[in-house]
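Trainee: predicted structure and sequence below. I'll ask about it afterward.
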Amino acid sequence: MDSVNIFIKAVFIENMIFAYFLGMCSYLAISKTVKSSVGLGLAVIFVLTVSIPVCYLLENYVLKAGALSWLSDDFATVDLSFLSFIMYIATIASIVQLVEMVVEKFAPALYASLGIFLPLIAVNCSILGGALFMQEREYANVGEATVFAFGSGVGWFLAIVALSAIREKIRYSNVPMPLRGLGITFILTGLMAIAFMSFMGIKI
């Protein structure tokens, strides 16, 4: 049941976009079409789901104080937590590189539509934010960390696909000239964030 709670919270209550506004650069730039949003959203889900469990294992078996005690009692006092940022970023960048190669190989049209924003997942603050949330919340095991990662990715996916669907529709609407483009997009994001706040009433 804890895993279900973690998933629901990650998707709706603690949504990366609407609760913390993480990953906004890619969210705003790619959400012009549903097709490209789905592609980027799936890539973010994959990167989060793979990188955060790896970061969890690094945190608990290598980096934090006493994590190396499994090697020997001599390492029980070693604290490598100062390397957390570097190790997390290196892990995320490696996985993003893998995703980029796969997308370029099997979906060249999607790769072209995503452009520079696919490799920029490596510096997407929602990915690093997920790793840091995992570290802060101290999940009991790698399974819970994986559920949190997948839920966070699904929440980000829902946010960008929902916005892109709305943006495709409002192209045919009479939006005032000063608000066209990013102006109306920011307003829509704010309204959607307010809507997602209603999920905070869910008792888990």
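Mentor: On my side now, so go ahead. If you're wondering where the values come from, they're calculated on a predicted model, not measured in any experiment. Numbers count the residues shown, from 1 in each chain.
Trainee: from here on, contacts and neighbour counts on C-alpha atoms
Mentor: OK.
Trainee: for stretch 49-65, give me every contacting residue.
Mentor: 67-68, 70, 76-84, 87-88, 91-92, 95, 130-131, 134-135, 142-143, 145-147, 149-150, 153 (C-alpha atoms under 8 Å, 6 or more residues apart in numbering).
Trainee: strands along the protein, start to end?
Mentor: For the chain, no strands are identified by DSSP state E.
Trainee: which stretches of it form helices?
Mentor: Ranges of helices in the chain, per DSSP state H, are 2-8, 24-30, 34-58, 84-106, 108-114, 125-137, 142-170, 182-197.
Trainee: least reliable of those going by mean pLDDT?
Mentor: Set side by side, the helices of the chain give their lowest mean pLDDT on helix 108-114, at a mean of 80.
Trainee: helices or strands up against it?
Mentor: helix 34-58, helix 84-106 (3 or more C-alpha pairs under 8 Å, 6 or more residues apart in numbering; DSSP states H and E).
Trainee: closest to residue 15 out of the helices of the chain?
Mentor: For these, the distance to residue 15 is smallest for helix 142-170, at 5.5 Å, taking C-alpha to C-alpha.
Trainee: packing partners of that closest one?
Mentor: Using 3+ C-alpha pairs under 8 Å, 6+ apart: helix 142-170 touches helix 2-8, helix 34-58, helix 125-137, helix 182-197.
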